[in-house]
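Visitor: Predicted model and sequence follow; I will ask about them next.
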Amino acid sequence: MKNLIQSVLILIPVLLSTTGAEEVIYAQLGDTVSFKPPVDPQSKIYYLYWYFGNLELAWRNTFGATGFNKDNWNNTLSLSDDTLIIKNFQHFGTFVCKLIKGRDTVVGSRIYKVLKLNVNMNPPNPVLLDESLSLTCSVESPKKPQIHWLNPQKEKLKSNQGRLTLSATGQHNGQWTCVVTDDGRESKAEVSVMVIYLLPPPSRTQYTSKSSPLTIPCSYPSHIPWEKIKSKGIQQVHWDFLPGSTLNSGDPQRLYSLSLEEKPTWEADQDRGLNPVQNTMKGNLSLTRKQGNEEDGGDYTCTLKFKNGVTLSRTVHVNVLQIISSAGTDLISGQQVNLSCSIGRPLPSELRVKWFPPTRSSQPSLLSDHHPAHLAIPEVGTGDGGKWRCELWQNNTRLTSAVITLKIEPKTTVWMLVIICSVTAIVALLLILALVLCRRRQQKMRHLRHRLCQCKNPKPKGFYRT
């Protein structure tokens, strides 16, 4: 008896699938819909026919040949292993599949009732950040199936009879799915939501130095076309800069403004050596510089203003890492010097520094893993000359680095001073002696010429009698 009951329970779904059981499907206009044939292990020896109402759509004979109704269906029909596939679905109603033996003996059938599933979005794409967004999912059915929504993160959200109202955020950007559940079967419809917002930067604080590049990020989702943003009534796009600390309450300086012509271009209001990237129409509004500058520290604000009063903005604070030597960069061996690796204020607790001295340097304080931000060197040696690098780290992430080059001359000893002074004195004495001898020779020659020229009547040459 128990085996008989189990056999009946197993047979029921088979009979339902082969004797005209009706299955409800919910679909949208333009969907691709698939209809499976009745389950029958011997279906290949029968003729198969698909109907829409009384209209024959497709058939397959026992030799595997197929045919389709081309009227009003625009080549949207195809068969795959007897499964009817309809692309760009436009016709709602009842679809029937029949397995026929001989001329008219129906050995199996299956009925599909396709009901229209409507998904609407108000306002249409795109929507601005914090703008009210309404998603509606409804079915044209006398039943009231269960309806819920899945957000882009695939999280289930409750709705009021398929209606969902929310304030748009960046997380709402992406594919939303309406799920209709009827008698345990699920039907899904998707709608794409575009939210115009500024992507959060990797960090609201950026670090740079004279030996590191600088990028100040600002971007909106790259899949949103610029024309869509213009359609929302954008009025201004600009960059502002407030130098110094975040506590600075002065007036910001306008750096760049974006012309809203057919091809948007940046126009410089103040030249600080920063350049906008060239991918504006692909969502990138960032500023860059090949190497940082001491004067780059401060707050940079990227702003988008729209006609309805909505303003989108992102502020990034830039810190400049510097190495400062208390005695300058030209030193003498044995001189005391303090090196400071700083961002202009005490480092927060989550930040630390690493020093990398020249290869010949042997500073004992750098042998441990904990490096001080302020490095005191009582006496520098010639091995300390060269490039000193300081790296700024946050946990296991290197933020930036700075470099300073020290020039260290050997220390001059007392004996070296004596030798230098002695050599200098000898050279000076030789110069004085040479000068005296030269002057004496000049005087002697002058005296000799004077004696030869004292005779008033010189006698002519020849012999004279005495």
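Guide: Noted; the coordinates are in hand. Numbering: from 1, shown residues only.
Visitor: Name the spans of the protein whose pLDDT lies under the cut-off.
Guide: For the chain, residues meeting the criterion pLDDT under 70 lie at 1-21, 245-249, 364-365, 367-369, 412-418, 420, 446-466.
Visitor: per-domain residue ranges of it.
Guide: 17-116, 123-196, 205-320, 322-409 (automatic domain parsing).
Visitor: Using TSV, please lay out these together with mean neighbour count and distance to R441.
Guide: Every residue, glycine included, has its C-beta placed from N, CA and C. As requested, the domains of the chain are arranged in TSV below (neighbours: other CB atoms under 10 Å; distance: least, CB to CB, whole Å):
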stretch	mean neighbour count	distance to R441
domain 17-116	16	117
domain 123-196	15	98
domain 205-320	16	63
domain 322-409	15	44
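Visitor: Take these and write them to TSV, including distance to L435.
Guide: Output for the domains of the chain, formatted as TSV (distance: least, CB to CB, whole Å):
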stretch	distance to L435
domain 17-116	110
domain 123-196	89
domain 205-320	54
domain 322-409	35
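Visitor: Now do the helices for the stretch 1-150 of the chain: every range, in order, please.
Guide: Assigned by DSSP state H, counting those that start in this stretch, the helices in the stretch 1-150 of the chain fall at 2-18.
Visitor: ok, V96 - contacts?
Guide: Shown in contact with V96 (CB atoms under 8 Å, 6 or more residues apart in numbering): W50, Y51, S109, R110, I111, Y112.
Visitor: how about 7 Å then?
Guide: Y51, S109, I111 (CB atoms under 7 Å, 6 or more residues apart in numbering).
Visitor: What distance separates the opening and closing residues of stretch 305-318?
Guide: Counting by CA to CA, to the nearest Å, you get 24 Å between the two ends of stretch 305-318.
Visitor: same question, stretch 67-81
Guide: Counting by CA to CA, you get 14 Å between the two ends of stretch 67-81.
Visitor: chain center to it, what's the gap?
Guide: Remark: stretch 67-81 is offset 47 Å from the chain centroid, using CA atoms, centre = their mean, to the nearest Å.
Visitor: Can you say which of the domains of the chain is nearest to L431?
Guide: domain 322-409 (28.7 Å; CB to CB).
Visitor: so where do the helices sit in the stretch 351-466 of the chain?
Guide: Going by DSSP H, counting those that start in this stretch, the stretch 351-466 of the chain shows helices at 414-452.
Visitor: can you give me the offset of stretch 78-96 from its chain's centre?
Guide: That offset, for stretch 78-96, works out to 44 Å (CA atoms, centre = their mean).
Visitor: make that stretch 337-356, sorry
Guide: 27 Å.
Visitor: okay, that stretch in PDB with CA atoms only?
Guide: Written as PDB, here are the backbone C-alpha positions of stretch 337-356 (Å, rounded to 0.1, in the frame of the first residue of the first chain):
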ATOM      1  CA  VAL A 337      72.300  67.600  13.000                       C
ATOM      2  CA  ASN A 338      68.600  66.900  13.600                       C
ATOM      3  CA  LEU A 339      66.500  65.400  10.700                       C
ATOM      4  CA  SER A 340      62.700  65.800  10.900                       C
ATOM      5  CA  CYS A 341      60.300  63.800   8.700                       C
ATOM      6  CA  SER A 342      57.000  65.800   9.000                       C
ATOM      7  CA  ILE A 343      53.800  66.800   7.400                       C
ATOM      8  CA  GLY A 344      53.900  70.200   9.100                       C
ATOM      9  CA  ARG A 345      52.200  68.900  12.300                       C
ATOM     10  CA  PRO A 346      52.400  65.900  14.700                       C
ATOM     11  CA  LEU A 347      51.700  62.600  12.900                       C
ATOM     12  CA  PRO A 348      48.400  60.900  13.800                       C
ATOM     13  CA  SER A 349      48.700  57.700  15.900                       C
ATOM     14  CA  GLU A 350      47.900  55.500  12.900                       C
ATOM     15  CA  LEU A 351      50.800  56.800  10.800                       C
ATOM     16  CA  ARG A 352      54.500  55.900  11.200                       C
ATOM     17  CA  VAL A 353      57.800  56.600   9.400                       C
ATOM     18  CA  LYS A 354      60.600  54.500   8.100                       C
ATOM     19  CA  TRP A 355      64.100  56.000   7.500                       C
ATOM     20  CA  PHE A 356      66.400  54.700   4.800                       C
END
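Visitor: Use 879 as the first number for this chain going forward.
Guide: New numbering, starting at 879: the last item is stretch 1215-1234.
Visitor: Direction included, what does the lengthiest strand in the chain pair up with?
Guide: Assignment by DSSP state E gives strand 983-1000 as the longest strand of the chain. In the sheet, strand 983-1000 lines up against strand 897-905 (parallel), strand 971-979 (antiparallel), strand 1010-1017 (antiparallel) (DSSP bridges).
Visitor: Tell me which of those strands sits nearest to C1096.
Guide: Nearest of those (CB to CB): strand 1010-1017, 23.9 Å.
Visitor: how close does Y1134 get to D1060?
Guide: For Y1134, the distance to D1060 (CB to CB, to the nearest Å) stands at 56 Å.
Visitor: The one helix or strand Y1134 maps to packs against which elements?
Guide: For Y1134, the element it lies in under DSSP states H and E is strand 1131-1137. Judged by 3 or more CB pairs under 7 Å, 6 or more residues apart in numbering; DSSP states H and E, strand 1131-1137 is in contact with strand 1112-1121, strand 1143-1146.
Visitor: Looking at these, which is nearest to W1271?
Guide: strand 1112-1121 (26.1 Å).
Visitor: Strand partners (parallel or antiparallel) of that closest one?
Guide: Using DSSP bridges, strand 1112-1121 pairs in its sheet with strand 1131-1137 (antiparallel), strand 1176-1184 (antiparallel).
Visitor: correct me, but N1003 touches V1069?
Guide: No: look at N1003 against V1069 with CB atoms under 7 Å: they stay out of range, at 9.2 Å.
Visitor: so what's D1060 up against?
Guide: Going by CB under 7 Å, 6+ apart, D1060 touches V902, K1021, P1023.
Visitor: can you put these in a markdown table and add distance to I1304?
Guide: As requested, the contacts of D1060 are exported to a markdown table (distance: CB to CB, whole Å):
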| residue | distance to I1304 |
| --- | --- |
| V902 | 117 |
| K1021 | 119 |
| P1023 | 113 |
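Visitor: quick one: L1199 and V1281 touch, right?
Guide: No: with contact defined as CB under 7 Å, L1199 does not reach V1281; the gap is 10.1 Å.
Visitor: could you dump the contacts of V974 to JSON lines with distance to P1091?
Guide: Shown next, in JSON lines, are these (distance: CB to CB, whole Å):
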{"residue": "Y929", "distance to P1091": "68"}
{"residue": "S987", "distance to P1091": "71"}
{"residue": "I989", "distance to P1091": "67"}
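Visitor: Contacts made by stretch 1257-1266 with the rest, please.
Guide: With CB under 7 Å, 6+ apart, stretch 1257-1266 has contacts from 1201, 1209, 1211-1215, 1217, 1233, 1235-1236, 1238-1240, 1255, 1281-1286, 1288.
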